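Peer 1: Here is a sequence together with a model predicted from it:
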Amino acid sequence: EAGVTQSPTHLIKTRGQQATLRCSPISGHTSVYWYQQALGLGLQFLLWYDEGEERNRGNFPPRFSGRQFPNYSSELNVNALELEDSALYLCASSLGMVNQPQHFGDGTRLSIL
Amino acid sequence: KNQVEQSPQSLIILEGKNCTLQCNYTVSPFSNLRWYKQDTGRGPVSLTIMTFSENTKSNGRYTATLDADTKQSSLHITASQLSDSASYICVVRVGGSQGNLIFGKGTKLSVKP
């Protein structure tokens, strides 16, 4: 069974540009979560999608947005990139039930120059 | 404010030794507590998930405990191996339909030969 896959592995952008990160969940998982892991900080929750709908979002500005497609894959879009957006962006998927673990991909390393 | 605090921040032990990592949380309402292992450059991998009624849970050489009264958890690693070198992250799920996950900053464990 394939795990959660994320692309690209690395992404280099400059301030003000836009970035698109992609995530494919484990087959059968309907929930997709996005997290930001900045250097020296814990994971910060960004977005939760389930069955194509945004269920919850963390304390991030509106320039962080995303969507979930009918095949349950997901995109995270970050507009007007700022230097502090440099981080590892992790995607996780789960069956969506309360006590089910989230399975993480290995992330996209976004660097803002 | 919902918070998860982990200690120590980092730990160095010799191969074959045991160690215990600590997690204190102030999360309400509580749903479950999870421990994840994150190797450098990889996404976190779930070790255990414990609900309110579970005091202890094992996964191979990893044993997690939960004291819901004192809001403390520990992760005990037995007979450490070089491959145990990683960050260990304590995560608490907030009760309710939105089910936010609150992440600790992790304990960085280094196992030396």
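Peer 2: Now that the structure is in, tell me what you want to look at.

Peer 1: Near chain B, which residues of chain A are found?
Peer 2: A:4, A:33, A:35, A:40-45, A:48, A:55-56, A:58, A:90, A:92, A:98-107 (Cβ under 8 Å from any Cβ of the partner chain). Using the backbone N, CA and C atoms, a C-beta is placed for each residue, glycine as well.

Peer 1: 7 Å instead, please
Peer 2: Residues of chain A lying near chain B by Cβ under 7 Å from any Cβ of the partner chain: A:41-43, A:45, A:55-56, A:90, A:98-99, A:101, A:104-107.

Peer 1: ok, of the residues you listed, which come out buried?
Peer 2: For those, a burial check counting by 16 or more other Cβ atoms under 10 Å in any protein chain shown picks out A:42-43, A:45, A:55, A:90, A:101, A:104-107.

Peer 1: Among these, which pair sits farthest apart?
Peer 2: Farthest pair in these (Cβ to Cβ) is A:Arg55 and A:Asp106. Separation: 23.9 Å.

Peer 1: Who does A:His103 form a beta bridge with?
Peer 2: Counting by DSSP bridges, A:His103 forms beta bridges with A:Ser93.

Peer 1: For A:His10, list the residues it contacts.
Peer 2: Contacts of A:His10 were listed using Cβ atoms under 7 Å, 6 or more residues apart in numbering or on different chains, and they are A:Arg109.

Peer 1: Distance of it relative to chain B?
Peer 2: 11 Å (Cβ to the nearest Cβ, to the nearest Å).
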